[in-house]
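*Asks:* Requesting a structural model of the entry that follows:
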Amino acid sequence: MIEDSIHVLDIQHANIAQDEQIVLEDISFQLKKGEFAYLIGRTGSGKSSLLKTLYADLPLDLGDISVAGFNIDNIRRKDVPMLRRKLGIIFQDFQLLMDRSVAENLFFVMKATGWKDKGKMRAKMTEVLMKVGLGSVDGKMPHQLSGGEQQRVAIARALINDPQLILADEPTGNLDPEVADGILKLFFDINKSGTAVLMATHNHSFLENNPARVLKCSKHKILDSEKEEFSLRDVWYY
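*Replies:* So this is what the prediction gives:
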């Protein structure tokens, strides 16, 4: 572990591979603690593969990556759970346990990450559900909730261990536009509280209406709006 007082994510000359094929080559960028950035690009351009590499679901092919103080290039298997406790990972399809209540979904993660005090667990559950705008759903089953509510539960789950970095892979992809806008606002609120957010998205209106740093996967490279200018049309079509 190497602590960086400025950056929660530091990528240097990394190759990202999926199924033994290089999808991103010699990429370098950093994300500061408390920063928000969009990750965009066409399907198959490497967005999900990059995120999976950051939380050690895919091995790093080449280069150096530090995430929340952990070196991904030589991380030991036993340290992967410790890395993921410092991250909040959110998916397009929510990945809730459908046969368990909202409370049981959250308690499952708490128990898996070392929580033992039932009073503290219940207090934390209430805290994170309130933070995502869900005050009284803990006894409900996921199928009793709307898609937007299920995603808010998934975000609450991701906040349980006060992560340094949220990695969100198309978190609004299955939601209608109005609900998606509410989820994006929630991510910005979380970011304002000091948590860094890297969010993969295909939603063009997000970038227009809620501008932030843009990282574009294109032609096996990462284009960074902090280093080069590109119009919104260029962002999506080249």
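
*Asks:* and residue 232, what pLDDT?
*Replies:* Looking at residue 232, its pLDDT stands at 58.

*Asks:* Who are the packing partners of the host helix or strand of residue 127?
*Replies:* Here residue 127 sits within helix 118-131, counting by DSSP states H and E. Where contact means 3 or more CB pairs under 8 Å, 6 or more residues apart in numbering; DSSP states H and E, helix 118-131 is packed against helix 102-112, helix 147-159. For every residue, glycine as well, the C-beta is placed using N, CA and C.

*Asks:* Which stretch among the ones you listed is buried most, on average?
*Replies:* Most buried of the helices and strands packed on helix 118-131 by mean neighbour count (mean count of other CB atoms under 10 Å) is helix 147-159; its value is a mean of 23.

*Asks:* And that one, what does it pack against?
*Replies:* Under the contact definition 3+ CB pairs under 8 Å, 6+ apart, helix 147-159 sits against strand 87-91, helix 102-112, helix 118-131, helix 177-192.

*Asks:* quick one, which of the ones you listed is packed in tightest?
*Replies:* For the helices and strands packed on helix 147-159, average neighbour numbers computed from mean count of other CB under 10 Å are highest in strand 87-91, which has a mean of 22.

*Asks:* Run the chain-centre distance for it.
*Replies:* Centre-to-centre, strand 87-91 and its host chain are 4 Å apart (CA atoms, centre = their mean, to the nearest Å).

*Asks:* Show the average pLDDT along it.
*Replies:* Strand 87-91 comes out at a mean pLDDT of 95.

*Asks:* and what of stretch 196-211?
*Replies:* 93.

*Asks:* Could you do stretch 63-70 as well?
*Replies:* For stretch 63-70, mean pLDDT is 96.

*Asks:* Tell me which stretches of the protein form helices.
*Replies:* In the chain, the segments counted as helices under DSSP state H are 47-54, 80-85, 102-112, 118-131, 147-159, 177-192, 204-209, 232-237.

*Asks:* what's around the closest residue to residue 83 other than its chain neighbours, how many residues?
*Replies:* Nearest residue to residue 83 in three dimensions, chain neighbours excluded: residue 70, at 4.5 Å (CB to CB, 6 or more residues apart in numbering). Residue 70 has 23 neighbours, counted by other CB atoms under 10 Å.

*Asks:* shouldn't residue 70 be in contact with residue 84?
*Replies:* No: using CB atoms under 8 Å, residue 70 is not in contact with residue 84; the gap is 9.6 Å.

*Asks:* Just give me the residue closest to the centre of the chain.
*Replies:* The chain has residue 167 as the residue nearest its centroid, 1.3 Å off, counting by CA atoms, centre = their mean.

*Asks:* circling back to that earlier point, quick check, distance from the helix holding residue 127 to the centre of its chain.
*Replies:* Its chain's average C-alpha position is 21 Å from that of helix 118-131, according to CA atoms, centre = their mean.
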